[in-house]
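**Student:** A structural model of the following input is requested.
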Amino acid sequence: MQLRLEPVTQENRLAVLSLRAGTGQEGFVETVSACLDEAAQRADWRPMAIYDGTAVVGFAMYGYFWEYPPAGRVWLDRLLIDAARQGRGYGRAAVASLLARLAEEYGPRDIYLSVVDGNTAAARLYEAFGFVFTEERDVHGEHVMRRPAAPVRGS
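**Tutor:** Next up, the predicted model:
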């Protein structure tokens with residue numbers, strides 16, 4: 001597996017739009033089309049194609065939002081591995097790659113995400129990376145999870 005994250009562009013847009021959630025997962029994440037529409041409305045979003053070699057295997061979207069006091073929040077808000085590629089470790093590898101990317105772009109910060117009721121597989125995956133449920137719900141009523149900032153090395 002040679003996973004990498006690349007911005008969604010005109011060149012990979014059709015491949016990204018062809019990604020689908022697995023059977024029974026349809027309500028767990030917005031469609032890629034809806035995500036891209038949202039990203040077009042707000043420049044804070046970073047929609048990313050997830051590649052294994054030359055094949056697009058998934059989609060993710062993240063961003064930094066200043067409106068959360070006191071100093072804003074980094075959100076890993078969307079993650080979708082195509083139904084045909086699930087069960088091969090892509091989700092775990094994608095989360096690891098995304099966390100590395102977020103640390104590189106935003107430094108050591110808490111990272112937030114939300115999970116739909118009933119999406120226990122996603123919750124377990126995120127918990128394996130140190131995310132914990134907060135008492136908070138997002139604007140859509142989803143459960144918010146937070147991963148505390150990684151300590152700075154040498155401190």
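**Student:** My understanding was that A103 contacts R147; is that so?
**Tutor:** No: contact criterion Cβ atoms under 8 Å: A103 and R147 do not qualify, at 10.6 Å. Every C-beta, even on glycine, is put in place using the N, C-alpha and C of the backbone.
**Student:** Which one's more surrounded, these two?
**Tutor:** R147 (21 against 15; other Cβ atoms under 10 Å).
**Student:** Tell me what that one is bridged to.
**Tutor:** Going by DSSP bridges, R147 is paired in beta bridges with I111.
**Student:** contacting residues for it?
**Tutor:** By Cβ atoms under 8 Å, 6 or more residues apart in numbering, the residues touching R147 are 99, 110-112, 126, 129-132.
**Student:** Could you dump those into JSON lines with distance to A21, neighbour count and pLDDT added?
**Tutor:** JSON lines is the format used below for the contacts of R147 (distance: Cβ to Cβ, whole Å; neighbours: other Cβ atoms under 10 Å; pLDDT from 0 to 100):
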{"residue": "L99", "distance to A21": "22", "neighbour count": "18", "pLDDT": "94"}
{"residue": "D110", "distance to A21": "27", "neighbour count": "12", "pLDDT": "94"}
{"residue": "I111", "distance to A21": "22", "neighbour count": "24", "pLDDT": "95"}
{"residue": "Y112", "distance to A21": "22", "neighbour count": "21", "pLDDT": "95"}
{"residue": "Y126", "distance to A21": "17", "neighbour count": "23", "pLDDT": "93"}
{"residue": "F129", "distance to A21": "21", "neighbour count": "15", "pLDDT": "94"}
{"residue": "G130", "distance to A21": "25", "neighbour count": "13", "pLDDT": "93"}
{"residue": "F131", "distance to A21": "20", "neighbour count": "23", "pLDDT": "95"}
{"residue": "V132", "distance to A21": "25", "neighbour count": "10", "pLDDT": "95"}
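**Student:** Cool, thanks, signing off.
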